[in-house]
Structure formats: C-alpha cells, structure tokens
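S.K.: Got a sequence here, can you model it:
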Amino acid sequence: MNKNLSILTLSQVFGFTANIITVFLSGIVGSQITTIKSLSTLPTSLSVLGTAMFTILAAKIMGKIGRKLGFIFGALVSSATCVFAVFAIIEQNFILFCISHLILGLGIAFAHQYRFAAAESVDKEKIPKAISILMLAGIVSSFLGITLANFSKNLIPDHLYVGSYILLALFTFMPAVFFIFYKNNESKKIDFNNDYSGRRLSKIVFQPKFLQAIIAAAFAYAVMSFLMTATPLSMHVMEKMSLEKTGIVLQFHLVAMFLPSLITGHLIKKLGHSNIIYIGVLFYTITIVLSLFEQTFSNYMAALIFLGLGWNFLFISGTSLVVLTYNDEEKFRVQGINDLIVFTTMALASLSAGILLSLTSWKIMNLICIPFLILIILSTFRADNLNKK
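M.R.: Numbering: from 1, shown residues only. From the prediction side, this is the model:
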C-alpha cells in the first residue's frame, strides 16, 4: 500500500455504493413508479448505459486535467445526481428517475478508472495485487451500501427509499474530499489531438492478448450484470421473497465478487491469466446449472455466489492483462476504448434483463449466457496458441 492506493481504496468503499444501491433498489423503485413493469429495470440499465457513453469523455477529461481533478469532478457529479433522484422519487416521476440514473453513469465512469489509477500506482509485477486490493474494498462497500440503504429507506415519512438516495448522495460525495490529498502520477497532460505519440488504436486493439483481455472483462461484466440486474425482480417481485432476503443474497454475491481478491492476484501470478480465466468460466457454468433446479432462497444464494466468483476471476484477469498491452503514452486512449467496450456490452445486457425476465424465466436467462462463455474460451485459447508461435 502507498498513499495513492490507500486513497483509491477508501474512495472505492464510498464511491462504489453508487453501483451497489443502484442495482439493489433502482429496479424496485422503478417498479413502484411506472405502470409498465417490463421497464422496471430501465433506471439500472441507464446507469450502465451512461457509464458506457461517458467512458471516453472521462478518459479525455483526466488526460487533460489529471486523475486528481477528474476523480473529484466525478464524485461531485454522482452526489448531485443522487439528489436529483431524490426529487424524482418524491415526485413519483419515472422519466426524471431514469434521467438521474443516466447522468449518474458519468460519475460511475470516473469511478471505474480507479482500477487503472491503482495499476499506475505500483510496479508492473504488482498490478494484479493492486487491483485485487481495490476490489476488496467492494466487500465493505456492499455491506455498507445495502445495510444502510435498507436501514434508511423509511427515513423520510411517506416517501419510501428517499432516505436511501439521500444517504447515497452523502456517500458518493466523500471521495471528492479524499482526492484532495491524491498526487497525480502524470508528468504532463495529454492533448488527444496534437500530443499523441503512441501506436494506432487499431494496432493495439487487434493484439490477441488485448482481444483476450477485453472479451474476458466485457463478457464477465455482461453475464454478471444480466443476471444480477434481474435478481431483485426475480426474487422480490416474481417469487415474493422479502426485501431482506433479496438483500442478503446480493450481499453474499458481492462478497463473492470481491473477497477472492485476497488471492486472485497471487493465483494469476502463479497460474497465469488464461488458467484463471478458464476457472472463472467454470464458476459461471455452475451458476447456469443451478438455475435448472427449483428457485429457492438457498438456490439463489448459491447461484449468485458462483456468479460473483466467476466475475472476480474473469474481470481481474482481463483488467490486469489489458494493462500489459499498451505503453504509457497510449494509456488514456486504450483505457477509454476498453471501458467503452466493457460497459456498452454490460449496458446491453442490463437493458435486456428486465424485458427478458418478464418474457421468459430465470432458467432461460441463465441458458442465454452460454454462448458468451464459449466466446471467452475461444479467445483465450486463440491468444495462447498465437503467443506460443
């Protein structure tokens, strides 16, 4: 740990609650303020779409003003849009609630750059471990976010969940304070139009190792988002399980997403990126198999735990691998296109989750994920074979 990594980790604890509470509550809130139930998860999906739309912009802004000011700006945007969401819930206005989550995606786009900043704060051989440390903060964030969101949902009489979003506004503001003490690592700001001296983007993107990394990370997030977005609706709305039980399943899912980070960096170093990717695919396969059985609380619990484990192995492997495919002067462009691809894929998955759940079933949704797992395996196998030649 160093100063920058410590600040990034602490900011992750508070900043990541935007993702947690959005997934946990926005679909449920949406189902209460819209008459079209298939659109209940639209706010959740729009936050992901906003993240995808603004990734390039976030990278460009940080290329010009540096990580420090960029992260402070992102935190302020997140906090302000949570206040906007509070107004939308009070007014019972579904359109405004959706707009607030779309704009929230801008703040989240900046927060997703934490992992690249963590990688830049250590030597190359320590990158997987640095990313793992950052991911571990997600455990604290998940329990903090879901527990306090549940606790504060009745804070404002006659306005259910307004208190949760007021709390989220406070949490997402905290990183703006922490980053005052952050030190930029960039020796100079980058003008994307005039100062760029790196390789053509196409040459970087079509490297077998980059394709392996981006496919692993993108489909890791897509499958996880697809199923996790549908989980609160499937459990709470369709299966009539309590909000508390739904929250417990999501908390353990989030623990499974982040707790393995204690060892994931070490396992990547010992076994290699590709083997960890294959293990991640295996965990996702177990999730799909579990969906074939009766949907009980324990079944959801087991399925979402394996979904979290699979995401951890695939995403950390993909993220730590993509960092090895570009040079320093290329980083903002590559990081921007990486996040654009990852979160566009995730947004499409999230957008389709509510609609497909209303049209099909939990089992069918899981089976739809199989082709994406096959693509991860094929891209990894191809990259390994080409690297041997």
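
S.K.: distance between the longest helix along the chain and the chain's centre?
M.R.: For the chain, the helix with the greatest residue count under DSSP state H is helix 42-90. Distance of helix 42-90 from its chain centroid, counting by C-alpha atoms, centre = their mean, to the nearest Å, is 13 Å.

S.K.: which outside residues touch stretch 146-158?
M.R.: Residues outside stretch 146-158 that contact it (C-beta atoms under 8 Å, 6 or more residues apart in numbering): 20-21, 24-25, 160-164, 166-168, 243-244, 247, 250-251, 254. (Glycine included, C-beta is placed from N, CA and C.)

S.K.: Give the buried subset of the residues you listed as a ChimeraX selection command.
M.R.: The following ChimeraX line selects those of those that are buried, judged by 16 or more other C-beta atoms under 10 Å:
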select :20,21,24,25,160,161,162,163,164,166,167,168,247,250,251,254
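
S.K.: Go through the contacts of stretch 146-158 and flag which are in helices.
M.R.: Short answer: the contacts of stretch 146-158 in helices (DSSP H) are 20-21, 162-164, 166-168, 243-244, 247, 250-251, 254.

S.K.: Using JSON lines, lay out those residues together with pLDDT and distance to residue 83.
M.R.: Below are the ones in helices among the contacts of stretch 146-158 laid out as JSON lines (pLDDT from 0 to 100; distance: C-beta to C-beta, whole Å):
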{"residue": "20", "pLDDT": "85", "distance to residue 83": "18"}
{"residue": "21", "pLDDT": "87", "distance to residue 83": "14"}
{"residue": "162", "pLDDT": "93", "distance to residue 83": "11"}
{"residue": "163", "pLDDT": "93", "distance to residue 83": "13"}
{"residue": "164", "pLDDT": "93", "distance to residue 83": "13"}
{"residue": "166", "pLDDT": "95", "distance to residue 83": "8"}
{"residue": "167", "pLDDT": "93", "distance to residue 83": "12"}
{"residue": "168", "pLDDT": "94", "distance to residue 83": "9"}
{"residue": "243", "pLDDT": "79", "distance to residue 83": "24"}
{"residue": "244", "pLDDT": "84", "distance to residue 83": "27"}
{"residue": "247", "pLDDT": "85", "distance to residue 83": "24"}
{"residue": "250", "pLDDT": "88", "distance to residue 83": "24"}
{"residue": "251", "pLDDT": "85", "distance to residue 83": "26"}
{"residue": "254", "pLDDT": "84", "distance to residue 83": "25"}
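
S.K.: tally of neighbours for residue 145?
M.R.: Using other C-beta atoms under 10 Å, the number of residues around residue 145 comes to 31.

S.K.: Return the residues in contact with it.
M.R.: Here residue 145 is in contact with 16, 17, 20, 21, 24, 168, 171 (criterion: C-beta under 8 Å, 6+ apart).

S.K.: any idea how far the third one is from residue 126?
M.R.: Counting by C-beta to C-beta, to the nearest Å, the separation of residue 20 from residue 126 is 27 Å.

S.K.: quick one on the thing from earlier: now for the longest helix of the chain, which elements pack on it?
M.R.: Counting contacts by 3 or more C-beta pairs under 8 Å, 6 or more residues apart in numbering; DSSP states H and E, helix 42-90 packs against helix 3-15, helix 17-21, helix 27-33, helix 94-111, helix 114-120, helix 162-178, helix 208-232, helix 331-359.

S.K.: again, only using 6 Å
M.R.: helix 94-111, helix 162-178, helix 331-359 (3 or more C-beta pairs under 6 Å, 6 or more residues apart in numbering; DSSP states H and E).
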